[in-house]
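Participant: Dropping a prediction and its sequence here:
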Amino acid sequence: MTETLPISVTVNGTEYRYEVEPRLLLVHYIRDILNLTGTHVGCDTSNCGACTVLLDNRSVKSCTLLAVQADGCDVTTIEGLAGEEGLHPVQRGFWEEHGLQCGYCTPGMILSAVQLLQRNPEPTDDEIRSGIEGNLCRCTGYQNIVNAIRWAAERLREAEASQTAKQ
Amino acid sequence: MLEGDEEAKILAGGHSLIPLLKLRLVQPSQLVDIARLPGLSYVREDNGAIAVGAMTTHFDVERSGLLMDALPLLPLTAATIGDVQVRNRGTIGGSLAHADPAADLGAAALALGAEFVAEGPAGRRAIPAQAFFVDVLTTALEPAEVVVEIRFPKPAGRVGADYLKFNHRAIDWAIVGIASWLVFDGDVVSDAAVGLTALGSTPLRATGVEQLLRGQKWSRDLAQAAAQRASDGLDPLSDRHGSAAYRLHLARVLTERSLIAAAARAGQQ
Ligand SMILES: Cc1cc2nc3c(=O)[nH]c(=O)nc-3n(C[C@H](O)[C@H](O)[C@H](O)COP(=O)(O)OP(=O)(O)OC[C@H]3O[C@@H](n4cnc5c(N)ncnc54)[C@H](O)[C@@H]3O)c2cc1C
Ligand code: FES
Ligand code: FES
């Protein structure tokens, strides 16, 4: 199988065009072709969530997608979260609340948290736990991750409130 | 593209197919990605029925206000599938066409009297849910047929629904799942349907339970008596998740709980 297909994928705001084998997984496209190694492979069996990215604003396990399925789509990886004002509030939350130890699960965990807070800006702790149900962490015992996401939710709501106040 | 190539496969969300490809358990000659076909993702009312496009994701089913009002069994069931990422990607058509007996939506589709609209080289046809599920991973679809829509009759009356899924961890597949669907006229159960997950080679209906419920005044005693029939005539698998006897026991216990939860959602204690 050497046949390739041209695909165009916008990753973190930059459009990339490559010819890829139809069997190439999205996670390998991101890591091996684009050299964005923040997206991890933990299990390769769709269970751990370490490979989570946003595809057209929906969290997906990039080990369970073919790169060709992302043709024409927008992908956000952990490298694309920080903006001009520095780290994304969810990233800062993991920093402030010790939401990581080894860090292997962290990029996927953070993208799942971003998805959760987009859909539910004021989650309860139970809702936070449901929001990261697809992400496994072998180190932290999850409590600090929940704290980190709650911290980020508060910062995001404050930012939202001061935005509305200004208008 | 599918015509004349029996080894070709449709790719929808890929959340059953890609794991199988990785394990080399299926080796299709071609993959036809139907995610690019426009207009296969929707939930709408159509001629007194509710029509759901085959490419509607589990997440979109879970969040559909129309379904929550008219057919709450579907969103309640979809919400139990896998995890957020799986529900963001997996589709109703893919799940039902894959026909894994442990998949959750089959029991709900059977209980709701779904009709599958399939399109193929010979045209369009409707397949009732009872005829759609043939065996483990086997449906009545012809090799070149695609499910484009799943239609559900709109219930008349006050409805109560519940999908009770028993598994070890919240993100796992069902060891047993019970889909309960009750329609009330006052406090009388005017119609009842109970779908069973992982209790046979296809999703099944607990017809014995349904017969005992129909036309009766609702009570918890009625639910308890009816639930005893939930294991009638079943021949489930024994595997590392549970023996056949354990599954039959679960079928009875969970049916009672699920019926009570469904009735409670219709305001019936
Ligand atoms: C980690 C994980 C956990 C999961 N947990 C659960 C769970 O708890 N409960 C559950 O029910 N499911 C679970 N699933 C399966 C998930 O629901 C899948 O989305 C679903 O089974 C298949 O849908 P899909 O759109 O991904 O289909 P695909 O994988 O793309 O296709 C599946 C099969 O159906 C065929 N097909 C797809 N669409 C059509 C169509 N429209 N017409 C005809 N044939 C079609 C394909 O050719 C293929 O053979 C899980 C999956 C994963 C990866
Ligand atoms: S590497 Fe994708 S889910 Fe584990
Ligand atoms: S911090 Fe090590 S796996 Fe989560």
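Facilitator: Ah, there it is. Residues are numbered from 1 along each chain as shown, chains lettered A, B, ... in the order given. Ligands and ions are numbered 1, 2, ... in the order given.

Participant: B:T202 versus the residue nearest to A:F94 when sequence neighbours are not counted, what's the distance?
Facilitator: Of all residues not flanking A:F94 in the chain, A:A148 sits nearest, at 4.5 Å (CB to CB, 6 or more residues apart in numbering or on different chains). C-beta here means a position set from N, CA and C on the backbone, and glycine is covered the same way. Note on A:A148: its distance to B:T202, by CB to CB, to the nearest Å, is 44 Å.

Participant: More neighbours: those two, which one.
Facilitator: A:A148 (27 against 21; other CB atoms under 10 Å in any protein chain shown).

Participant: Could you confirm whether any residue of the helix or strand hosting that one contacts ligand 3?
Facilitator: Element membership for A:A148, per DSSP states H and E: helix A:143-166. No: against ligand 3, helix A:143-166 shows no contacts by CB under 6 Å from any ligand atom, the least distance being 7.7 Å.

Participant: Just the CA coordinates for that helix, please, in CSV.
Facilitator: C-alpha atoms of helix A:143-166 as CSV (Å, rounded to 0.1, in the frame of the first residue of the first chain):
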residue,chain,number,x,y,z
GLN,A,143,-8.6,15.1,42.7
ASN,A,144,-6.0,17.8,41.8
ILE,A,145,-7.2,17.6,38.2
VAL,A,146,-10.7,18.3,39.3
ASN,A,147,-9.4,21.2,41.4
ALA,A,148,-7.4,22.5,38.4
ILE,A,149,-10.5,22.4,36.1
ARG,A,150,-12.6,24.1,38.8
TRP,A,151,-9.9,26.8,39.2
ALA,A,152,-10.0,27.3,35.4
ALA,A,153,-13.8,27.5,35.3
GLU,A,154,-13.7,30.3,37.9
ARG,A,155,-11.1,32.3,36.0
LEU,A,156,-13.0,31.8,32.7
ARG,A,157,-16.2,33.0,34.3
GLU,A,158,-14.4,36.0,35.8
ALA,A,159,-12.9,36.9,32.4
GLU,A,160,-16.4,36.5,30.8
ALA,A,161,-17.9,38.8,33.5
SER,A,162,-15.4,41.5,33.1
GLN,A,163,-15.8,41.4,29.3
THR,A,164,-19.5,41.9,29.7
ALA,A,165,-19.0,44.7,32.2
LYS,A,166,-16.8,46.5,29.7
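
Participant: Can you report how many residues lie near A:E15?
Facilitator: The tally of other residues near A:E15 (other CB under 10 Å) stands at 9.

Participant: So what pairs up with it in the strands?
Facilitator: Applying DSSP bridges to A:E15 yields these beta-bridge partners: A:T10.

Participant: Hmm, A:S8 and it touching each other?
Facilitator: Yes: counting by CB atoms under 8 Å, A:S8 is a contact partner of A:E15 at 6.1 Å.

Participant: In the chain, mark out all the helices, start to finish.
Facilitator: Using chain A. With helices called from DSSP state H, chain A shows them at A:26-28, A:89-96, A:106-119, A:125-131, A:143-166.

Participant: wrong one, I was asking about chain B
Facilitator: Taking DSSP H as the test, the helices found in chain B are B:17-22, B:58-62, B:65-70, B:73-78, B:84-89, B:92-98, B:105-111, B:129-132, B:207-213, B:220-227, B:244-265.

Participant: taking these together, which one is wrapped up most tightly?
Facilitator: Highest mean neighbour count among these (mean count of other CB atoms under 10 Å in any protein chain shown): helix B:105-111, with a mean of 29.

Participant: so who does the residue in chain B positioned nearest to chain A touch?
Facilitator: Taking CB to the nearest CB as the measure, chain B has B:D83 as its residue closest to chain A, at 3.0 Å. Neighbouring residues of B:D83 by CB atoms under 8 Å, 6 or more residues apart in numbering or on different chains: A:49, A:133-134, B:171.

Participant: and the chain, what are its domains?
Facilitator: In the absence of a named chain, this looks at chain A. Chain A resolves into domains spanning A:5-80, A:89-166 when parsed by automatic domain parsing.

Participant: that's the wrong chain, I wanted chain B
Facilitator: Domain segmentation of chain B under automatic domain parsing yields B:40-153, B:158-265.

Participant: Include mean pLDDT when you put these into CSV, please.
Facilitator: Output for the domains of chain B, formatted as CSV (pLDDT from 0 to 100):
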stretch, mean pLDDT
domain B:40-153, 97
domain B:158-265, 96
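
Participant: I figured A:L116 was touching A:G131, is that so?
Facilitator: Yes: between A:L116 and A:G131 there is a contact under CB under 8 Å: 3.3 Å.
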